[in-house]
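Visitor: let me see the structure of the following:
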Amino acid sequence: MKGIINMMYLLENCNTNPYYNLALEQYVFDNLDRSHSYFMLWQNDNTIVVGKHQNTAEEINASYVKENDISVVRRLSGGGAVYHDLGNLNFTFITDQIDGQIFDFSTFCKPVAKALASMGVDVKISGRNDMTIDGKKFSGNAMYMKEGRVMHHGTLMFDSNLQIMEQALRVSKDKIESKGVKSVRGRVTNIKPYLPQNITMKEFRQTLHNFMVTENNMSLYTLTEQDFQSIHHLQETVYSQWEWNYGTSPPYTVRKKRRIENCGSIELFINVGKKGIIEDISFYGDYFGNGNSNELTAALKGYRIEEHSLSESLEGVDVGQYINNLKREDLLDILLS
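Guide: Model (predicted):
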């Protein structure tokens with residue numbers, strides 16, 4: 001592979017757990033022999049992967065994600081949020097810069113584009129970090145660099161469910177003002193319709209695997225039991241944690257509005273600070289209530305804007321005292337939508 005002159009190893013990975021897979025990437029990046037390069041093909045089952053600098057709340061359709069059991073995980077690299085399912089295949093290169101060489105996105109996209117060309121697909125590398133077919137994006141790419149080490153990973157939408165992707169990444173109608181970076185949704189497509197032969201994901205993955213191994217003279221790298229233990233520890237302590245996936249979002253302000261039958265219109269303005277903690281919240285609307293809403297505000301302040309924490313904050317609180325006929329479950333639904 002042009003630009004990478006050290007030995008490249010292939011890591012086999014059939015795990016589809018997103019928290020494990022991102023932990024695996026980081027472990028390889030941080031711990032394996034830096035005199036070698038590494039390549040992986042891998043898949044996540046129904047997952048939104050947000051960029052390192054993004055505000056997770058701004059990137060996902062929270063109610064749809066919850067209803068459809070879609071995982072959400074933050075990666076080390078920047079860029080925008082992407083949807084993964086088993087119709088999508090991901091690739092990762094991990095290598096070191098040697099003698100000041102400079103890598104850009106095309107360094108790592110070109111060998112994949114060459115592999116796709118061998119299957120009869122006319123691929124273009126376009127824009128900052130995309131690969132396209134017929135002007136439509138099928139691959140988004142991101143890069144993470146630290147102390148001369150480079151990790152490049154990208155998506156290959158082979159037969160993804162584009163309808164679910166659109167719903168899962170659709171920002172709600174509530175207006176969010178944020179210091180985070182917001183993804184740009186472009187026109188996308190799958191690879192499968194452009195292949196000259198009708199093949200399965202399994203066949204596509206194997207063909208790409210064979211081409212990359214042969215073209216780059218790769219050898220198989222086998223992880224040890226100790227490696228796996230360390231990866232699982234990273235999975236449990238970082239990538240499975242709310243603090244990493246949501247709590248590291250930048251501070252933001254969100255407005256939520258809902259009309260509830262027999263209650264009226266309810267509008268919330270929420271200031272969310274570092275680590276996803278509610279710093280302030282105000283209630284407005286045409287509802288009736290006998291209690292002082294400042295007491296309800298006080299009950300919610302200081303808690304994380306996630307289900308378990310908010311449920312705890314409202315434990316024993318008579319919500320209907322402040323907003324007539326409003327149930328605790330309805331308020332939670334508004335807060336988490």
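Visitor: quick one: the helices in the stretch 101-250 of the chain?
Guide: Ranges of helices in the stretch 101-250 of the chain, per DSSP state H, counting those that start in this stretch, are 105-118, 162-169, 201-215, 225-234, 242.
Visitor: point out the most buried one among these.
Guide: Most buried of the helices of the stretch 101-250 of the chain, by mean neighbour count (mean count of other CB atoms under 10 Å): helix 105-118, with a mean of 18. Heads up, the C-betas are built off the backbone N, CA and C, glycines and all.
Visitor: what packs against it?
Guide: Packing partners of helix 105-118 (3 or more CB pairs under 8 Å, 6 or more residues apart in numbering; DSSP states H and E): strand 124-126, strand 130-133, strand 136-146, strand 149-157, helix 201-215.
Visitor: in JSON lines: the helices of the stretch 101-250 of the chain, plus distance to residue 296.
Guide: JSON lines is the format used below for the helices of the stretch 101-250 of the chain (distance: least, CB to CB, whole Å):
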{"stretch": "helix 105-118", "distance to residue 296": "49"}
{"stretch": "helix 162-169", "distance to residue 296": "31"}
{"stretch": "helix 201-215", "distance to residue 296": "50"}
{"stretch": "helix 225-234", "distance to residue 296": "39"}
{"stretch": "helix 242", "distance to residue 296": "23"}
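Visitor: circling back to that earlier point, residue 314: which of the helices and strands packed on helix 105-118 is closest?
Guide: strand 136-146 (38.1 Å; CB to CB).
Visitor: angle of that closest one against strand 149-157?
Guide: Per axes from the mean of the first three to the mean of the last three CA atoms, to 10 degrees, the angle that strand 136-146 makes with strand 149-157 is 160 degrees.
Visitor: using PDB, write out every CA atom in strand 136-146.
Guide: The C-alpha trace of strand 136-146 is given here as PDB (Å, rounded to 0.1, in the frame of the first residue of the first chain):
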ATOM      1  CA  LYS A 136     -23.900   9.800  -4.300                       C
ATOM      2  CA  LYS A 137     -22.000   9.200  -1.000                       C
ATOM      3  CA  PHE A 138     -21.600   5.600   0.200                       C
ATOM      4  CA  SER A 139     -18.600   6.000   2.400                       C
ATOM      5  CA  GLY A 140     -17.800   8.500   5.100                       C
ATOM      6  CA  ASN A 141     -14.300   8.600   6.600                       C
ATOM      7  CA  ALA A 142     -12.600   9.900   9.700                       C
ATOM      8  CA  MET A 143      -9.100  10.100  11.100                       C
ATOM      9  CA  TYR A 144      -7.600  10.200  14.600                       C
ATOM     10  CA  MET A 145      -3.900  11.100  15.100                       C
ATOM     11  CA  LYS A 146      -1.800  11.100  18.300                       C
END
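Visitor: quick one: average pLDDT of that strand?
Guide: Across strand 136-146, the average pLDDT comes to 92.
Visitor: check stretch 17-28 too.
Guide: Mean predicted confidence for stretch 17-28 is 98.
Visitor: do stretch 224-241 as well
Guide: The predicted model assigns stretch 224-241 a mean pLDDT of 97.
Visitor: domain parsing for the protein?
Guide: Domain segmentation of the chain under automatic domain parsing yields 8-247, 252-336.
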